[in-house]
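Chemist: give me the fold of what follows.
(one chain, ligands or ions: 1)
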Amino acid sequence: MESQRLNPLLIGLVTLIGISCSSWAQDAPVRSFEQIADDVYWAGNSTHHTVLLVTDEGIILSDPLNREFSTWLKRELDERFGVPVRYVLYSHHHWDHASGGAVFEDTAQFVGHENMLAHLALPSADTPLPAGADGQDRNGNGQIERAEASGAFQENFELYDFDGDGALSGAEVTRGALNDVRTPDITYADRLTVKLGGKRAEMIYTGVHSHTDDMSIVVFPEASVGFMVDFISIVRPPRYIRGDQPIETWFAAIRVVEAQGFEIAAGGHGTYASSSYVTLFREYLEELRDQVAAGIAAGRTAEELQESIYMEAYEDWISYAEFRASNIAGMYNMLTKEF
Ligand SMILES: [Zn+2]
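Modeler: Numbers count the residues shown, from 1 in each chain. Sure, this is the predicted structure:
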């Protein structure tokens, strides 16, 4: 056992390096900007990505991601194209994709699915602190004061604190870190076409499914590009498998995307590739479901399945090794949960 021979000082040093690397990575996101089709670009902030379509009359942008990224992107777009962002098309309301759009609000209109609005509103004032957050309420007054906050609540305190009173209520925690999500000006129910400079962007609703109930995909038909976030990743497994809807809703949403017929699939996570990777993503989930379901039927625990399930066909995917065990546990929970 090699590790037992490491002296404690060395172990401490290794830990320190690990911590400093991860905090450095948070401080310095890796930005990318790449053309993927005629007039269509894929821009990234570390593991999060968005797409945009450039026309003579301006730019149609999908998710703004966050304030710092959008500020950087606006400068890039000004330098590269010299036309303003005219539309921001939200994939869904989650803070890590939808924040920062206000950077473009002088020139842009914001579009999202109509269910976004309820997520951005504050739930009723008597909403209790959710399980998982209540442990931070050390003085037991039903709120998380700034001095009590740790983890994500400390890191994004201002994004949670809807009324800016320095304490997070149950309603504010339940709503999420959404203070920097610019509210949509335009909403739609099933499908919406945005036209600019002789080109189009289609927003297509994907239904109520396990990730959220306000998820759109964005398709640029002239370039044959589709953009999808979180419920489908491209050449990457999902980061999480969880939710309050059965897995069939997830498959139904993926099939909505498969039916659109575009050629290039660009992921909010993962990469961009042939749209056949949308189908491969569904097949990954189906194979994982089948293996986990067989294990459940045989009376095995999630931990035992984490030891035994390894899907070689997908081992080259981005983060497969990193997400493998949590995907198995998430699928186990999803298949054993009552909806
Ligand atoms: Zn999300």
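
Chemist: could you report the neighbour count for whatever residue of the stretch 51-200 of the chain ends up closest to the ion?
Modeler: Closest to the ion within the stretch 51-200 of the chain is residue 94: 3.4 Å, counting by C-beta to the ion. C-betas here are computed from N, CA, C, even on glycine. Neighbour count for residue 94, taken as other C-beta atoms under 10 Å: 22.

Chemist: residue 239 is in contact with that one, correct?
Modeler: No: using C-beta atoms under 8 Å, residue 94 makes no contact with residue 239, being 11.6 Å away.

Chemist: do you know how far the residue of the stretch 51-200 of the chain closest to the ion is from residue 109?
Modeler: Distance of residue 94 to residue 109, given as C-beta to C-beta, to the nearest Å: 21 Å.

Chemist: quick revisit: overlap in contacts, residue 94 and residue 239.
Modeler: residue 230 (C-beta atoms under 8 Å, 6 or more residues apart in numbering).

Chemist: list the contacts of the residue lying closest to residue 91 once chain neighbours are set aside.
Modeler: Of all residues not flanking residue 91 in the chain, residue 229 sits nearest, at 3.9 Å (C-beta to C-beta, 6 or more residues apart in numbering). Neighbouring residues of residue 229 by C-beta under 8 Å, 6+ apart: 63, 91-92, 97, 215, 267-269.

Chemist: and residue 185, by the same measure?
Modeler: Residue 185 neighbours (C-beta under 8 Å, 6+ apart): 109-111.

Chemist: ok, now residue 264?
Modeler: 36-37, 223-226, 272-275.

Chemist: got the confidence number for the closest residue to residue 125 other than its chain neighbours?
Modeler: Of all residues not flanking residue 125 in the chain, residue 171 sits nearest, at 5.8 Å (C-beta to C-beta, 6+ apart). On pLDDT, residue 171 comes in at 97.

Chemist: can you check the one 3 residues further on too?
Modeler: Residue 174 is assigned 96 on the pLDDT scale.

Chemist: circling back: now do the helix or strand where the residue nearest to residue 125 lies: everything it contacts.
Modeler: According to DSSP states H and E, residue 171 maps onto helix 170-175. Residues from elsewhere that reach helix 170-175 (C-beta under 8 Å, 6+ apart): 119-130, 133, 142-144, 153, 160-163.

Chemist: what about 7 Å?
Modeler: 122-125, 127-130, 133, 142, 144, 160-162 (C-beta atoms under 7 Å, 6 or more residues apart in numbering).

Chemist: now the residues you listed as TSV including distance to residue 303?
Modeler: Converted to TSV, the contacts of helix 170-175 look like this (distance: C-beta to C-beta, whole Å):
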residue	distance to residue 303
122	39
123	35
124	39
125	41
127	34
128	31
129	30
130	26
133	26
142	36
144	32
160	33
161	38
162	39
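
Chemist: break the chain into its domains for me.
Modeler: The chain resolves into domains spanning 29-117+183-275, 128-168 when parsed by automatic domain parsing.

Chemist: contacts only, for residue 41.
Modeler: 33-35, 51-52.

Chemist: could you list which of these belong to strands?
Modeler: In strands, judged by DSSP state E, the following of those are found: 33-35, 51-52.

Chemist: drop anything exposed from these.
Modeler: With neighbours counted by 16 or more other C-beta atoms under 10 Å, these contain buried members at 51-52.

Chemist: and the gap between the residue positioned nearest the centre of the chain and residue 249?
Modeler: With distances taken as C-alpha atoms, centre = their mean, the residue of the chain nearest its centroid is residue 230 (4.4 Å). Between residue 230 and residue 249 the distance is 14 Å, computed by C-beta to C-beta.

Chemist: show me which residues of the chain sit near the ion.
Modeler: Within the chain, the residues that sit near the ion (C-beta under 5 Å from the ion) are 94, 230.

Chemist: by neighbour count, which of the contacts of residue 229 wins?
Modeler: residue 63 leads the contacts of residue 229 on contacts (other C-beta under 10 Å) with 30 neighbours.

Chemist: quick one: the helices in the stretch 151-300 of the chain?
Modeler: Taking DSSP state H, counting those that start in this stretch, the helices of the stretch 151-300 of the chain run over residues 151-155, 157-160, 170-175, 247-258, 276-297.

Chemist: need those in JSON lines (columns: mean neighbour count).
Modeler: Formatted as JSON lines, these follow (neighbours: other C-beta atoms under 10 Å):
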{"stretch": "helix 151-155", "mean neighbour count": "14"}
{"stretch": "helix 157-160", "mean neighbour count": "18"}
{"stretch": "helix 170-175", "mean neighbour count": "21"}
{"stretch": "helix 247-258", "mean neighbour count": "18"}
{"stretch": "helix 276-297", "mean neighbour count": "17"}
